[in-house]
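Chemist: Could you look at this predicted model? Sequence included:
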Amino acid sequence: MGLRRAIRAAVAPGLIPLVVLLTFLGTTPILASPPPVAAAPAQVAFTDEVVALAVEGVGYGHGRGMSQWGSYGWAVNYAKSWKWILGFYYRGTTQSSSSGTARVKVRLVGYDNAAVVGVISTTRAAVWSGGRYSSIQARETAPNRFDIYASSTIRCPTSSTDEWTRVGQGVAGPVLFTTTVNEQQAKPGDALGLCDTDGSVTHYRGSISVVNDSTNTNRVVNDVRVENYLRGVVSFEVSTSWGDVGGGAGIHALRAQAVAARSYTRSQNRYSYADTCDTTACQAYGGSTGRATATAPVSGGVRCESGNASFECAHTNRAILQTVGVILRWPDQRPVAAEFSASNGPQTAGGVFPSVVDPADNVPSNPNHVWTRMIGARTLAAAYDVGMLTAAVSEPDPTLPYTGIWDNRIRLTGTGGTALVSTSTIRSAFGLPSAGFRVVAYRRQVASSRSMSFIGDSVGFSMTEGPTSELPTLLAGVFVRASYDAVPNRCTAGCGLSGVGAAGSVPIGTGLAVVELGYNNPGTNFASQIDAMMNALAERDVGRVAWLNLNERSGRPEYAAANQALAAATRRWPNLVIIDMRGATMGNGGNRQRWFAGDGIHLTFTGQAEIARYLRDQLLRLA
């Protein structure tokens, strides 16, 4: 089966129950006991080395203020209004009206330091210095000096100015491009289009200017009414489809988002030349629509409802209009910088807004309510120069004003010293969903003289594809030699890319072969496929085979039949033991639904970490 790795998810902290070598699929339970494990050699420093850290976290983002998933949960599952939601997350603030005609200047970060800036108008309505054109460009000739070129043809700048007419020379910045189209009522694709270096175009309502700031850096700024700006913000921050959920109750989450975004915008004054920026460092802002080239049709991708080729979606536009001008204010009437995150987990971080327990954030479709990741200890120890890592613990960080898990830092102890590292630093270095996490250290525990070979399909591939993947990280140094051979779409036997074929490359005399196969077309002959695989491994003189039975969350009946065939095979093959993936993954205890992609088979990032933890426990008993 093809590999799906793009979905991020989460799971409650803590190890899943140990289900060791047990099959119970409608037959008499079969326990295959491994031979007694000899006492580990006297290598205390070696076996006590921390090899991996399980990172058990919550949320996605900074955790302060409103949770977008929590807002959705309150609206859909608890029937709360947008006003109630805002009051819940932003305590100590009031909701009041403000001008619906206020404007905002937005720094378009991707165009920083641009030497050439071009705009287009599909209606020949781009204006510079009173002249009206289809296309205009400003080309820097000296610091804060520009030559201006125009064209009656819709086109973006290239390296040549052939077929352009110079209409201004040595013009001092700022350079202002406006349009005669109505900012409020124009179609998204009739607003000014800003050309990117690859020839694509993004349209923005309002005007575009090129400003040379105090550091002598060119900045591109969009000056736009706040209400029009929000049309390109709210649809990028939350899913417009929420407006249809719960019989329309989800519109309250979109309204709450509109007010939070408007309040945040009105509170900003970041730069001398602009109020805010268009990235998630401020708020995500995408403009009104885009095009692949200057003359291509407009395209909004799949952001909006079917048939709406823009970034301004019907539900989010409606939520903005229904809350027009409403912002949050502090008691002294200052607009509130109403921060928000995709998810805050079970409790918000606190800080400026009091921390609140947030059960509504725990909706099944929220992949990051809780999550797990795995980090190799040697990578972490090397990054912070502590030698061989011997301990890693989470502890409160007295420099942070936050609550609970959001208040942590990590103490790393090794043979070379100790380091205190903020969770935000680790988050940034390792691409974690948030800085709200704690760590669980895994020691080697066992240094076996056995060798191990892993053979799998896409499920196994997702957690073994490289030396820093979850399972190799957790088993580092446990076996005297370990190899991993997992590829997407591998069948067990009888196809071109088969486990039987992979078995032929297992080193002769391998002590333990771990098999994760069966999801791809087990069919009605799976018993014979198992026998073919076992015979192939016997040819390589493999001592013991540990086979992961199949997760049955997808509900496919052939997987249940395959598990019954595996249970029966233990009677024919005394060296075959079953690792009970079925028992370890069924049900939703421990948030197991967040371990799996939508097909119920492939693993999310959290699933990769959690299944690797489970397998480590099973394999240490066999090591």
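Modeler: The structure has been received and is ready for your questions.

Chemist: Let me see the domain layout of this structure.
Modeler: The chain breaks down into these structural domains: 22-47+446-622, 103-326, 370-443 (assignment by automatic domain parsing).

Chemist: for the ones you listed, which one sits closest to residue 352?
Modeler: Comparing those against residue 352 with C-beta to C-beta, the closest turns out to be domain 370-443 (8.5 Å). (Each C-beta comes from the backbone N, C-alpha and C, glycine too.)

Chemist: circling back: will you turn the domains of the chain into CSV that also has mean neighbour count, mean pLDDT and distance to residue 337?
Modeler: What follows is those, written out as CSV (neighbours: other C-beta atoms under 10 Å; pLDDT from 0 to 100; distance: least, C-beta to C-beta, whole Å):
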stretch, mean neighbour count, mean pLDDT, distance to residue 337
domain 22-47+446-622, 19, 88, 31
domain 103-326, 19, 97, 4
domain 370-443, 19, 96, 15
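
Chemist: Any chance of a markdown table for those domains, columns distance to residue 364?
Modeler: A markdown table is the format used below for the domains of the chain (distance: least, C-beta to C-beta, whole Å):
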| stretch | distance to residue 364 |
| --- | --- |
| domain 22-47+446-622 | 6 |
| domain 103-326 | 12 |
| domain 370-443 | 12 |
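
Chemist: closest one to residue 63 among those?
Modeler: Smallest distance to residue 63 across the domains of the chain (C-beta to C-beta): 5.1 Å, for domain 370-443.

Chemist: Can you give me the end-to-end span of the closest one?
Modeler: Across its full length, domain 370-443 reaches 24 Å end to end, with C-alpha to C-alpha, to the nearest Å as the criterion.

Chemist: now do stretch 454-472
Modeler: End residues of stretch 454-472 are separated by 10 Å (C-alpha to C-alpha).

Chemist: Can you give the contact residues for it?
Modeler: Residues outside stretch 454-472 that contact it (C-beta atoms under 8 Å, 6 or more residues apart in numbering) are 1-3, 5, 374, 376, 379, 473, 482-491, 499, 502-503, 506, 513-517, 519-520, 601-603, 608-609, 611-612, 615-616.

Chemist: Which ones among these map onto strands?
Modeler: Per DSSP state E, strands hold the following members of the contacts of stretch 454-472: 374, 376, 482-486, 513-516.

Chemist: Name the SS class of residue 468, please.
Modeler: Here residue 468 takes the coil state, with states given by DSSP: H, G, I helix; E, B strand; the rest coil.

Chemist: Please report how far it lies from residue 378.
Modeler: Summarising the geometry, the distance separating residue 468 from residue 378, computed by C-beta to C-beta, to the nearest Å, is 10 Å.

Chemist: for residue 273, same thing?
Modeler: Distance check for residue 273 against residue 378: by C-beta to C-beta, it reads 46 Å.

Chemist: Kindly report the same for residue 109.
Modeler: In this structure, residue 109 and residue 378 are separated by 36 Å, where distance is defined by C-beta to C-beta.

Chemist: before we move on, what about residue 440?
Modeler: Looking at residue 440 against residue 378, where the rule is C-beta to C-beta, the gap reads 17 Å.

Chemist: dump the residue contacts of residue 581.
Modeler: Neighbouring residues of residue 581 by C-beta under 8 Å, 6+ apart: 548-551, 611.

Chemist: let me redo that: residue 175
Modeler: If you count contacts by C-beta under 8 Å, 6+ apart, then residue 175 has 117, 128, 138, 146, 148, 209-210 around it.

Chemist: How about residue 357?
Modeler: Residues 346-347 are the ones in contact with residue 357 under the rule C-beta under 8 Å, 6+ apart.

Chemist: same thing with residue 195?
Modeler: 117-120, 137, 156-157, 201, 294.

Chemist: swap in residue 146?
Modeler: Residues near residue 146 by C-beta under 8 Å, 6+ apart: 138-140, 168, 170-173, 175, 210.

Chemist: just to revisit the earlier point, any chance of JSON lines for the contacts of residue 175, columns distance to residue 464 and secondary structure?
Modeler: Converted to JSON lines, the contacts of residue 175 look like this (distance: C-beta to C-beta, whole Å; DSSP: H, G, I helix; E, B strand; the rest coil):
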{"residue": "117", "distance to residue 464": "48", "secondary structure": "strand"}
{"residue": "128", "distance to residue 464": "58", "secondary structure": "strand"}
{"residue": "138", "distance to residue 464": "52", "secondary structure": "strand"}
{"residue": "146", "distance to residue 464": "55", "secondary structure": "strand"}
{"residue": "148", "distance to residue 464": "58", "secondary structure": "strand"}
{"residue": "209", "distance to residue 464": "52", "secondary structure": "strand"}
{"residue": "210", "distance to residue 464": "50", "secondary structure": "strand"}
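
Chemist: Return the closest of these with respect to residue 574.
Modeler: Closest to residue 574, out of all of the contacts of residue 175 and judged by C-beta to C-beta, is residue 117, at 74.3 Å.

Chemist: which residues in the stretch 1-150 of the chain form helices?
Modeler: Taking DSSP state H, counting those that start in this stretch as the criterion, the stretch 1-150 of the chain carries its helices at 44-47, 68-77, 82-89.

Chemist: what's the closest of the ones in strands among the contacts of stretch 454-472 to residue 241?
Modeler: Nearest to residue 241 among the ones in strands among the contacts of stretch 454-472, counting by C-beta to C-beta, is residue 374 at 32.5 Å.

Chemist: isn't that closest one right up against residue 610?
Modeler: No: using C-beta atoms under 8 Å, residue 374 and residue 610 do not qualify as a contacting pair, with a distance of 9.4 Å.

Chemist: Quick check: neighbours shared by these two?
Modeler: Between them, residue 374 and residue 610 share no contacting residue, judged by C-beta under 8 Å, 6+ apart.

Chemist: related to what we said a few turns ago, farthest-separated two in the contacts of residue 195?
Modeler: Of all pairs drawn from the contacts of residue 195, the widest gap by C-beta to C-beta lies between 117 and 294 and measures 14.0 Å.

Chemist: give me every residue that touches the closest residue to residue 47 other than its chain neighbours.
Modeler: Beyond its immediate neighbours in the sequence, the residue positioned closest to residue 47 (C-beta to C-beta, 6 or more residues apart in numbering) is residue 444, lying 4.9 Å away. For residue 444, the set of contacting residues under the criterion of C-beta under 8 Å, 6+ apart consists of 46-49, 51, 476-478.

Chemist: Same check on residue 616?
Modeler: If a contact means C-beta under 8 Å, 6+ apart, then residue 616 has 442, 471, 474-475 as its contacts.

Chemist: For those residues, name the two members farthest from one another.
Modeler: The largest separation in the contacts of residue 616, counting by C-beta to C-beta, is between 442 and 471 at 11.8 Å.

Chemist: Contact partners for residue 623?
Modeler: With the criterion set at C-beta under 8 Å, 6+ apart, residue 623 makes contact with 37, 446, 448, 450, 452, 478-479, 512.

Chemist: rerun at 10 Å
Modeler: By C-beta atoms under 10 Å, 6 or more residues apart in numbering, the contact list for residue 623 reads 34, 37, 40, 445-450, 452, 475, 478-480, 511-512, 616.
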